[in-house]
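Visitor: take this sequence and fold it.
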Amino acid sequence: MKFICLGFMEEKKWDAMSHSEREAMMKECFAYDDVLRKNGHMIGGEALQSVQNAATLRWQNGKVSITDGPFAETKEQLGGILVLEADDLNHAIQLMSEHPGVRLGGCFEIRPTEDIGLPDRLSDQYTQSTSTRKSS
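Guide: All right, here's what the predicted structure looks like:
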């Protein structure tokens, strides 16, 4: 079963860490990601840039409204995503509870993916179009 793990963190706490503390945490996270990958649990993932580089779009009054940064006004911001393969939710929780990123004071939201029933042809077209955009 696939799970999307959304890692939230407080950017202010991250920014307050020394360069060597941030570097040590990232090495620890990458090492655990390697363990997940080696054991067939990590399908993929991406870290996100600062919320200062974000925009939020939503439909408002018949048109697209754009807001700088994330929409939610919270202390924690989405820092990255991880696509995980696990037997069930309890297994995903067990795997992510050992991730060093949990100690940053944020949280991981873990949600199973939903098969929305796209025909294989459409799914393949989407995969090809996104990989083409990434390579250009």
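Visitor: which outside residues touch stretch 31-47?
Guide: Contact with stretch 31-47 is made by 2, 5, 79-86, 95, 98-100, as judged by Cβ atoms under 8 Å, 6 or more residues apart in numbering. To be clear about C-beta, it is placed using only N, CA and C from the backbone, and glycine gets the same treatment.
Visitor: keep only those of those that are in strands.
Guide: 2, 5, 79-85 (DSSP state E).
Visitor: where does residue 58 sit: helix, strand or coil?
Guide: Put simply, residue 58 is strand when judged by DSSP: H, G, I helix; E, B strand; the rest coil.
Visitor: this structure: strands as residue ranges?
Guide: In the chain, the strands defined using DSSP E lie at 2-9, 42-47, 55-60, 63-68, 77-85, 107-112.
Visitor: report the central residue of this structure.
Guide: Nearest to the geometric centre of the chain sits residue 81, at 1.0 Å (Cα atoms, centre = their mean).
Visitor: longest helix in this protein, please.
Guide: The residue-count maximum for a helix in the chain (DSSP state H) belongs to helix 19-38.
Visitor: next, give me the two most distant ones among the ones in strands among the contacts of stretch 31-47.
Guide: Largest separation among those by Cβ to Cβ: 79 and 85, giving 21.2 Å.
Visitor: neighbour count for the two, which is higher?
Guide: Of the pair residue 79 and residue 85, residue 79 is the one with more neighbours under other Cβ atoms under 10 Å, namely 21 against 16.
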